[in-house]
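[1] Quick one, structure for this:
(one chain, ligands or ions: 1)
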Amino acid sequence: MLTADELRVRYHAERDKRLRSDGNDQYVEPTGRFAHFVDDIWTPRVEREPVREEVEVAVIGAGFAGLVTGARLKQAGIDDVRLIDGAGDVGGVWYWNRYPGAMCDTAAMIYLPLLEETGHMPSQKYTMAPEIFEHAKRIATTFGLYEGALFSTSITSLDWDDASSRWIVRTDRGDELRARFVTMGTGPLHRPKLPGVPGIETFEGHAFHTSRWDYAYTGGAPDDGRLLGLADKRVGIIGTGATSVQCIPHLARSAQELLVFQRTPSSVDARNNRPIDPEWFATLEPGWQDEWRMNFTILQTGGFADADLVQDGWTDISQRIRDRIVAEMTDGEVEEFGPEAFRQAYEASDDEKMEEIRARVDALVADKATAEALKPWYRQLCKRPCFHDEYLESFNLPGVQLIDTDGRGVERIDATGVWIGGEHFELDCLIFASGFEVGTEHARRAGFETTGRDGVTLTDHWADGMQSLHGIHVREFPNLFIVGPTQGANLISNITHNLVEAAATISKVIAHAREVGAHEVEVTQQAESEWVALIDTHPGTIFGDTECTPGYYNAEGREQTKRDRRNSSGHPLGSVAYFEYINAWRTSGDFAGLDFRS
Ligand code: NDP
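    Here you go, the predicted model:
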């Protein structure tokens with residue numbers, strides 16, 4: 001076992017190997033031969049007449065952000081709510097991502113929103129994607145959100161009309177909606193990206209991105225991971241992140257040969273999934289889901305609670321840190337709790353956790369060299385932590401090869417396969433598990449520009465990073481509400497907690513605007529500036545931006561700019577502080593910082 005100092009040296013060496021001057025620019029958009037990678041393969045496009053209407057609330061994005069916002073608006077008595085999404089149905093990432101084995105790493109009891117309101121009991125502690133997609137549809141049905149919804153409809157522009165105090169929503173179907181209010185939950189992980197490997201467009205075999213899994217080629221279905229079409233195929237997969245960890249066990253069992261091209265291994269902890277007992281579920285008291293969500297958030301962010309209701313890998317490390325600090329303070333080893341004590345406890349707990357994760361690789365992977373290459377050498381939260389009980393074991397199956405690139409990545413692609421270290425690997429099929437665009441500008445990721453008062457675009461307004469009050473309201477963009485984690489709680493371990501809170505806040509504000517007869521609601525300049533100044537005080541990660549191995553969590557390892565921080569930070573005192581603050585703000589009824597104009 002390495003000492004703490006030796007670990008540090010190893011971590012730095014592994015990070016340095018992976019640093020690249022092109023950072024985020026190493027990725028390319030699917031264009032040319034791969035332009036169809038963004039098409040909707042799940043729902044055929046049906047022609048329809050353009051819609052020209054006045055609506056009370058246009059809800060852009062029908063993923064969980066739009067669904068919970070729509071549901072809360074309906075609960076607040078606002079009936080004229082219209083969902084718009086480029087996808088053929090609700091569900092957002094769960095509509096698009098139907099790869100075999102797709103599931104949510106966050107426990108269903110806290111991840112699936114509105115469980116009490118819809119009366120749904122998740123089947124397992126961690127639910128598979130088809131069940132999550134069904135739940136999204138259940139929310140839409142329960143709250144009447146399918147009525148008038150515009151699916152397979154992409155927004156082309158969103159413009160504020162000052163004269164009528166309306167948003168003009170134009171779409172690729174020729175629609176023109178005039179909306180009094182607009183909510184925007186377009187999500188951070190929705191545009192597939194590809195590795196900018198030289199020659200990528202010359203590949204002549206079959207290819208697809210994991211977010212548009214080609215079952216017509218592979219066989220199987222989202223709820224049937226037997227990919228019989230691959231029985232005589234040599235399949236390669238680029239990428240070993242959270243998506244890959246979930247689909248590789250199915251590929252490994254199905255393909256004649258599977259070649260996994262790895263740049264950086266994921267940290268893969270135990271899953272320990274299990275069914276939920278209906279008898280136990282029936283004993284839960286009303287209000288349980290709010291309590292569970294908050295309990296998880298408190299523990300995951302290092303706080304104290306009487307019980308750990310969720311009990312999983314997300315809360316494990318923060319509880320270790322917390323318990324270590326308490327023990328050291330009790331033993332007198334640490335006199336005062338401050339940043340240094342926290343840092344030491346963090347490092348020690350993380351070292352312990354990562355040693356366990358590396359030992360797990362040794363215990364599960366038979367071939368020593370393969371096991372060595374599958375060990376992650378970075379801190380657990382540097383990259384998205386993964387949890388799976390079959391991924392590592394997949395490398396013991398005959399026909400499965402790990403092609404480790406020692407941090408360099410795939411070098412070149414040609415008509416018949418992939419080149420690494422001067423060696424050519426011939427393939428019938430190449431699967432890109434290369435993730436989604438993060439950190440690119442608003443209009444590019446959303447797919448349309450938003451133009452507010454006096455022709456100001458959101459892209460320009462956010463040129464130096466996001467500016468908002470509470471991550472929701474934006475100056476110069478009246479009656480527009482953002483639904484997302486950034487500049488709010490920024491809770492990554494349970495994204496829907498951010499969305500549920502944002503929805504509660506937005507529905508209150510809109511209901512209040514209607515009550516007082518306000519035509520416009522807009523954040524004051526002062527309130528926006530003060531909130532952004534607060535966000536700017538966020539200390540960043542305790543290890544600094546450049547300590548971690550590169551990835552989309554840290555802008556691919558470069559020193560972060562003020563813009564990066566504004567686009568990726570939350571309340572400086574953490575998620576719990578934000579949730580408590582925003583709950584008090586919206587229930588006070590003062591709506592401080594907002595201007596309601598009649
Ligand atoms: P990621 O962005 O996490 O992973 C992309 C992968 O591609 C990385 O392993 C990356 O390596 C690799 N890669 C990029 N370029 C090359 C190259 N040239 N050669 C070899 N490998 C390369 O995408 P995912 O789709 O896996 O996950 C995206 C996010 O979606 C997750 O982080 C998570 O937030 C979410 N997700 C959530 C799930 C859930 O349970 N809720 C399930 C699945 C995804 P490197 O690490 O070196 O950059």
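[2] For the stretch 451-598 of the chain, give me the ranges with low pLDDT.
    The stretch 451-598 of the chain contains residues with pLDDT under 70 at 541-546.
[3] for it, what spans make up the strands?
    All strands of the stretch 451-598 of the chain, identified by DSSP state E, counting those that start in this stretch, fall at 480-482, 520-523, 594-597.
[4] Same check on the stretch 301-450 of the chain?
    386-387, 400-404, 412-414, 417-420, 423-426, 429-432, 449-451.
[5] which outside residues touch the shortest one?
    It stands for strand 386-387. 105, 126, 241-242, 245, 266-271, 312-313 (C-beta atoms under 8 Å, 6 or more residues apart in numbering). (Glycine included, C-beta is placed from N, CA and C.)
[6] now swap in the fourth one and tell me
    Contact with strand 417-420 is made by 203, 205, 236, 238, 259, 261, 403, 405, 408, 410-413, 424-427, 430, as judged by C-beta under 8 Å, 6+ apart.
[7] near the ligand too, which of the contacts of strand 386-387?
    105, 241-242 (C-beta under 6 Å from any ligand atom).
[8] Now render those as CSV, adding distance to residue 65 and secondary structure.
    Shown next, in CSV, are these (distance: C-beta to C-beta, whole Å; DSSP: H, G, I helix; E, B strand; the rest coil):
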residue, distance to residue 65, secondary structure
105, 18, coil
241, 22, coil
242, 20, helix
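[9] Select from these the one having the most neighbours.
    residue 105 (21 neighbours; other C-beta atoms under 10 Å).
[10] show me what contacts that one?
    By C-beta under 8 Å, 6+ apart, the contact list for residue 105 reads 126, 242, 385-387.
[11] cutoff 6 Å now
    With contact set as C-beta atoms under 6 Å, 6 or more residues apart in numbering, residue 105 has these partners: residue 387.
[12] Point out the residues in the stretch 351-500 of the chain that sit beside the ligand.
    So far as C-beta under 6 Å from any ligand atom goes, the stretch 351-500 of the chain lies against the ligand at 384, 409-410, 433-436.
[13] what do you get if the cut-off is 5 Å, keeping everything else the same?
    384, 409-410, 434-435 (C-beta under 5 Å from any ligand atom).
[14] Looking at those, point me to the pair that's furthest apart.
    384 and 410 (20.5 Å; C-beta to C-beta).
[15] any idea how far the residue lying farthest from the centre of the chain lies from residue 349?
    Relative to the centre of the chain, and counting by C-alpha atoms, centre = their mean, the farthest-placed residue is residue 332 at 40.8 Å. Counting by C-beta to C-beta, to the nearest Å, the gap from residue 332 to residue 349 is 20 Å.
[16] Enumerate the beta-bridge partners assigned to the residue nearest to residue 199 when sequence neighbours are not counted.
    Nearest residue to residue 199, sequence neighbours excluded (C-beta to C-beta, 6 or more residues apart in numbering): residue 413, at 4.4 Å. Beta-bridge partners recorded for residue 413 (DSSP bridges): residue 418.
[17] For residue 295, identify the helix or strand it belongs to.
    Element membership of residue 295, judged by DSSP states H and E, is helix 288-300.
[18] Quick one: residues contacting the most centrally placed residue in the chain.
    Closest to where the C-alpha atoms of the chain average out (C-alpha atoms, centre = their mean) is residue 189, at 5.5 Å. Counting by C-beta under 6 Å, 6+ apart, residue 189 touches residue 436.
[19] Any chance you could list what contacts stretch 40-53?
    88, 152, 173-177, 212.
[20] Any chance of a ChimeraX selection covering the buried ones in those?
    This is how ChimeraX selects the buried members of the contacts of stretch 40-53, with burial counted by 16 or more other C-beta atoms under 10 Å:
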select :88,152,173,175,177,212
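[21] now the contacts of stretch 40-53 as JSON lines including distance to residue 167, secondary structure and pLDDT?
    What follows is the contacts of stretch 40-53, written out as JSON lines (distance: C-beta to C-beta, whole Å; DSSP: H, G, I helix; E, B strand; the rest coil; pLDDT from 0 to 100):
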{"residue": "88", "distance to residue 167": "24", "secondary structure": "coil", "pLDDT": "98"}
{"residue": "152", "distance to residue 167": "21", "secondary structure": "coil", "pLDDT": "98"}
{"residue": "173", "distance to residue 167": "17", "secondary structure": "coil", "pLDDT": "98"}
{"residue": "174", "distance to residue 167": "17", "secondary structure": "coil", "pLDDT": "98"}
{"residue": "175", "distance to residue 167": "13", "secondary structure": "coil", "pLDDT": "98"}
{"residue": "176", "distance to residue 167": "11", "secondary structure": "strand", "pLDDT": "98"}
{"residue": "177", "distance to residue 167": "8", "secondary structure": "strand", "pLDDT": "98"}
{"residue": "212", "distance to residue 167": "31", "secondary structure": "helix", "pLDDT": "97"}
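[22] For residue 483, state which of the contacts of stretch 40-53 is nearest.
    The closest of the contacts of stretch 40-53, once distances to residue 483 are taken by C-beta to C-beta, is residue 177, at 18.2 Å.
[23] so how far is residue 216 from the closest one?
    In terms of C-beta to C-beta, residue 177 sits 35 Å off from residue 216.
[24] Over to residue 38?
    17 Å.
[25] who has more neighbours, those two?
    Counted by other C-beta under 10 Å, residue 38 and residue 216 do not tie: residue 38 has more neighbours, with 18 against 9.
[26] before we move on, which element is the nearest residue to that one once chain neighbours are set aside in?
    Counting by C-beta to C-beta, 6+ apart, residue 30 is the residue found nearest to residue 38 once chain neighbours are left out, at 5.8 Å. Using DSSP H and E, residue 30 sits in no helix or strand.
[27] Can you give me every residue that contacts residue 30?
    37-38, 192, 194.
[28] ok, of these, which one's closest to residue 476?
    Distances from residue 476 to the contacts of residue 30, taken by C-beta to C-beta, are shortest for residue 38, at 30.1 Å.
[29] before we move on, back to that, can you pick out the residue with more neighbours from residue 384 and residue 410?
    residue 410 (24 against 19).
[30] how far away is the more buried one from residue 322?
    With C-beta to C-beta as the criterion, residue 410 and residue 322 are 41 Å apart.
[31] Spell out which parts of this protein neighbour the ligand.
    So the chain meets the ligand at 104-105, 189, 195, 238-243, 263-264, 384, 409-410, 434-435 (C-beta under 5 Å from any ligand atom).
[32] Among those residues, which ones are in helices?
    242-243 (DSSP state H).
[33] residue contacts, the residue in the stretch 401-550 of the chain positioned nearest to the ligand?
    Nearest residue of the stretch 401-550 of the chain to the ligand: residue 435, at 2.4 Å (C-beta to the nearest ligand atom). Residue 435 makes contacts with residue 193, as judged by C-beta under 6 Å, 6+ apart.
[34] do that again at 10 Å, thanks
    Neighbouring residues of residue 435 by C-beta atoms under 10 Å, 6 or more residues apart in numbering: 27, 189, 191-195, 209-211, 239, 241-244, 384, 551-552.
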